[in-house]
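>>> With the input below, show me the fold.
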Amino acid sequence: MPREDSIIQERYDLTIERIASILQEHTVSEPFGDYFAKTASFLFMLHQADIRWERSLEEWQEWNRQLYEDILPENYGSSYGNPAYAVEQLGEVHGRILSFLYTELRGIIVYKYEGRLEDITVLHELFIEIYNCFEEEELPSYREIQQIIYWHISDYSDLTVSRRIREAVDPSLDFAAKIVLEEDLTDLRYLYKYGEYITQNELRMAEHLNSLPQETIKRMADTYTEGYRMGFVLGNKDLSKKKTVNIRYAVGFERMIRAAVENFYKMGLKPVIYRSAAASVNRRGQSRVGYFGAIPNKQYDYDHRADAAVYLDKPFVERKLGVMRAAYEEYKELAYVHAGPACVETFGEAPFIPENKPESYRFSEKQQQLQVSLDNESARITNRYIKGEERSFTIIAFPVPEIGSDFSEIFDEIVKINTLDYSLYRRIQQTLIDTLDKGKAVHILGCGENHTDLTVQLHKLEHPSKETNFENCVADVNIPVGEVFTSPVLKGTEGVLEVGRVYLNELCYENFHMEFKDGMVTEYTCGNFESEEENRRYIRENVLHHHDTLPMGEFAIGTNTTAYAAARKYDIAGCLPILIAEKMGPHFAVGDTCYSWAEDTAVYNPDGKEIIARDNEISILRKTDIGKAYLGCHTDITIPYEELGKIEVICSDGARIPVIEDGRFVLEGTEELNVPLEREGVV
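Below is the predicted model:
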């Protein structure tokens, strides 16, 4: 054993000895004794865990339940992972921060499976150090506990943050890749080798994929990987210089992922597959980036979305950015040949409307500004080593069994939607683009209870025979086919955007309302909570990502009426991911443009015209002050066809050309898009 590893093993053994003794002691007064006893018991259980293969499926299921049972919804009311319960039991001074500690320690589950002994050891040491404070005659102050955690997170960012960057580019970290490529996928015990939470949803998904003919699996994988390849072709980017691709998926999709990896190998790309972050220092809100299993409790994730508030200050931001720079420099050769992410998203899970708990951490105004600054500079560092103009991506989505009894039918329908004839859409969308390019602006009007009234300004085409404002999206990076999009001119883009119900980043918004002036968000609210303050905070945290305002980075018209008709037929419109939902009506993205970090790379439509609307008045600031040009977010908000009264092109001479009226395409040459709607009786 190398000396460094032996030292870590010695430290680990010492922590386990101490944790075992905690279970026998009564040196901490109540109510804290119960907290430390339960937490120590959990840590010791993980130490003793036998995660070898020789278990039956039923035994694996029972063990998996034990790992996650404390934070499941039915037990969450009495879990220290619940900040409300922790504050109730442990008091306002200590409850919230000890709930943070408990949540951080739960990351040991996945470190155990990956054999990351150092990560486990340092968390054990943190737990013991805080326990020792509570053994003193006088209870430690909040500041004392906060400082222990602060310096732990800061000091060990060399380990946690550096590891996260390496995971993103180094194919030799192949824990998950080995499961995908080497396990017997017909033996569903393989699902439990990740250490993720596994439910009937993941089991049934794996079973369903196992039941499909290889031809269907190949078609799914081919669509996914060909979309990725075409992203490079249409973006005039050289894929031959790249050697790795980041594959993101939900556990249960391994059969398709295995076929996709084989396709990527043929392109010269090795898979880089990493887990969604466990440590708060690497998370961003409740979002999960990477592969993941079932989410044990979405409220638990939401309650801990701002846990970084424990340690987020200016020195920490500088420390984390310094570690990022050093790590990227260390792994720069791997970063240079990284091609970008290929994502498989899922939908159909039960809708989630969170409860806002006062006991949860929230960023102060100063911390919100620091987080924005951290996100912006992190993106700049990443782009310096994984250049935006040289990388691409693709995203595809499929339903999960939780969607309901029609799962098999819906799955087949989505496979069909994902593999629609792109040549048909390319032709129809080109007709649409030719008309849009005649305009100086586009007017969008809602109907019924939807009071949308927006005017979107378009770039002036100096050479219309060679230039266009809108990209003809034909299922390359964004699968399925079905949209034309542009980056609007901000000045003069104004009005009201409303949606009755919309799901953004897995969160539900009722009666979403947003106002724009010169392309910038000026007002926003929704109807989720009784308090207007809570409604605004909900949007500011999860849509604006703590920015005071955001620009309209994209305007698009979705044309995939086949997807829309299927959504209505199976009553699944409310659970579709934005990837599909954005193709089912006009949508507006707040944040960066679609060409973020790659604005200088020429992009052409199939007709040969260059898309010149790659910048707006915010992104162009990269020429003078790059720190003001990028926001680090891009959230699409779609108006469904049934809430749409009109879309019309406004020409320079004042003429108006209708494109959609009362949810139907009326522009000559686009009428065929109405056929799926008529067939299903939607309009």
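>>> Do a quick rundown of the strands in the stretch 101-250 of the chain.
Under the criterion DSSP state E, counting those that start in this stretch, the stretch 101-250 of the chain carries strands at the ranges 244-248.
>>> ugh, wrong one, the stretch 401-550 of the chain
Applying DSSP E, counting those that start in this stretch to the stretch 401-550 of the chain gives strands spanning 439-446, 453-457, 467-468, 471-473, 483-486, 489-504, 507-517, 520-525.
>>> Between those strands, which one is closest to Asp158.
Closest to Asp158 of the strands of the stretch 401-550 of the chain is strand 507-517 (C-beta to C-beta; 33.5 Å). (Each C-beta comes from the backbone N, C-alpha and C, glycine too.)
>>> May I have the closest one as CSV, with CA atoms only?
What follows is strand 507-517, C-alpha atoms only, in CSV (Å, rounded to 0.1, in the frame of the first residue of the first chain):
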residue,chain,number,x,y,z
LEU,A,507,-40.4,22.8,-10.2
CYS,A,508,-44.0,23.8,-10.9
TYR,A,509,-45.2,27.4,-11.3
GLU,A,510,-48.9,28.3,-11.2
ASN,A,511,-50.0,31.4,-13.0
PHE,A,512,-46.5,32.4,-14.0
HIS,A,513,-46.2,36.1,-14.8
MET,A,514,-43.2,38.0,-16.1
GLU,A,515,-42.8,41.5,-17.6
PHE,A,516,-40.0,42.8,-19.9
LYS,A,517,-38.8,46.3,-20.8
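>>> where in the chain is pLDDT low?
The chain contains residues with pLDDT under 70 at 1-2, 53, 475, 680-683.
>>> Domain-wise, how is it divided?
Residue ranges for the domains of the chain, per automatic domain parsing: 3-155, 167-394, 422-679.
>>> need those in TSV with distance to Phe411 and mean neighbour count, can you?
Formatted as TSV, these follow (distance: least, C-beta to C-beta, whole Å; neighbours: other C-beta atoms under 10 Å):
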stretch	distance to Phe411	mean neighbour count
domain 3-155	23	16
domain 167-394	7	19
domain 422-679	11	20
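>>> Let's have the ones you listed in a markdown table, adding distance to Ser405.
Converted to a markdown table, the domains of the chain look like this (distance: least, C-beta to C-beta, whole Å):
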| stretch | distance to Ser405 |
| --- | --- |
| domain 3-155 | 22 |
| domain 167-394 | 12 |
| domain 422-679 | 10 |
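>>> Among those domains, which comes closest to Asp412?
domain 167-394 (8.7 Å).
>>> Just checking the distance from the closest one to the centre of its chain.
Distance of domain 167-394 from its chain centroid, counting by C-alpha atoms, centre = their mean, to the nearest Å, is 8 Å.
>>> Tell me who's in contact with Leu212.
Applying C-beta atoms under 8 Å, 6 or more residues apart in numbering, we find Leu212 in contact with Arg255.
>>> what's the spacing between it and Gln457?
Going from Leu212 to Gln457 by C-beta to C-beta, to the nearest Å gives 47 Å.
>>> ok, now Ala598?
Taking C-beta to C-beta as the measure, Ala598 falls 23 Å from Gln457.
>>> now do Glu515
Relative to Gln457, and taking C-beta to C-beta, Glu515 is found at 16 Å.
>>> May I ask you to confirm that Phe398 is in contact with Cys343?
No - shown here, Phe398 and Cys343 do not form a contact pair, counting by C-beta atoms under 8 Å, at 11.5 Å.
>>> Hmm, Arg622 is touching Tyr630, no?
Yes - Arg622 lies in contact with Tyr630 (C-beta under 8 Å); the separation is 7.3 Å.
>>> For Ser29, see how far away the residue sitting furthest away from the middle of the chain is.
Most distant residue from the mean C-alpha position of the chain: Glu137, 45.6 Å away (C-alpha atoms, centre = their mean). To Ser29, Glu137 is 10 Å away according to C-beta to C-beta.
>>> cool, and Glu318?
39 Å.
>>> and what of His546?
Distance, His546 to Ser29, using C-beta to C-beta: 39 Å.
>>> Next: Pro358.
Applying C-beta to C-beta to Pro358 and Ser29 gives a distance of 26 Å.
>>> which non-adjacent residue is nearest Glu183?
Using C-beta to C-beta, 6 or more residues apart in numbering and skipping residues adjacent in sequence, the residue nearest Glu183 is Tyr190, 3.9 Å away.
>>> same deal with Val649?
Gly439 (3.7 Å).
>>> and that neighbour, bridged to which residues?
With DSSP bridges applied, Gly439 shows beta-bridge pairing to Cys651.
>>> I figured Arg255 was touching Leu209, is that so?
Yes - counting by C-beta under 8 Å, Arg255 does reach Leu209; the two are 4.3 Å apart.
>>> can you give me the helices in the stretch 1-150 of the chain?
Secondary structure of the stretch 1-150 of the chain by DSSP state H, counting those that start in this stretch: the helices cover 3-22, 32-48, 57-68, 83-105, 108-114, 117-135, 142-155.
>>> how about Cys343, what does it touch?
Here Cys343 is in contact with Arg248, Tyr249, Phe393, Thr394, Ile395, Ile396 (criterion: C-beta under 8 Å, 6+ apart).
>>> quick revisit: would you mind telling me which of the strands of the stretch 401-550 of the chain is nearest Phe127?
strand 507-517 (31.8 Å).
>>> In terms of secondary structure, what does the closest one contact?
The contact analysis (3 or more C-beta pairs under 8 Å, 6 or more residues apart in numbering; DSSP states H and E) places strand 507-517 against strand 489-504, strand 520-525, helix 532-542.
>>> Could you tell me the angle between the second one and strand 489-504?
The one in question is strand 520-525. On the basis of axes from the mean of the first three to the mean of the last three C-alpha atoms, to 10 degrees, strand 520-525 is oriented at 30 degrees to strand 489-504.
>>> ok so, going back, between the domains of the chain, which gets nearest to Asp406?
Among these, the nearest to Asp406 by C-beta to C-beta is domain 422-679 (5.6 Å).
>>> how long is that closest one end to end?
Domain 422-679 has an end-to-end distance of 20 Å (C-alpha to C-alpha, to the nearest Å).
>>> From the chain's centre, how far out is that domain? Work that out for me.
Relative to its parent chain, domain 422-679 has a centroid offset of 20 Å by C-alpha atoms, centre = their mean.
>>> next one: stretch 114-129
Taking C-alpha atoms, centre = their mean, one finds the center of stretch 114-129 at 27 Å from the center of the full chain.
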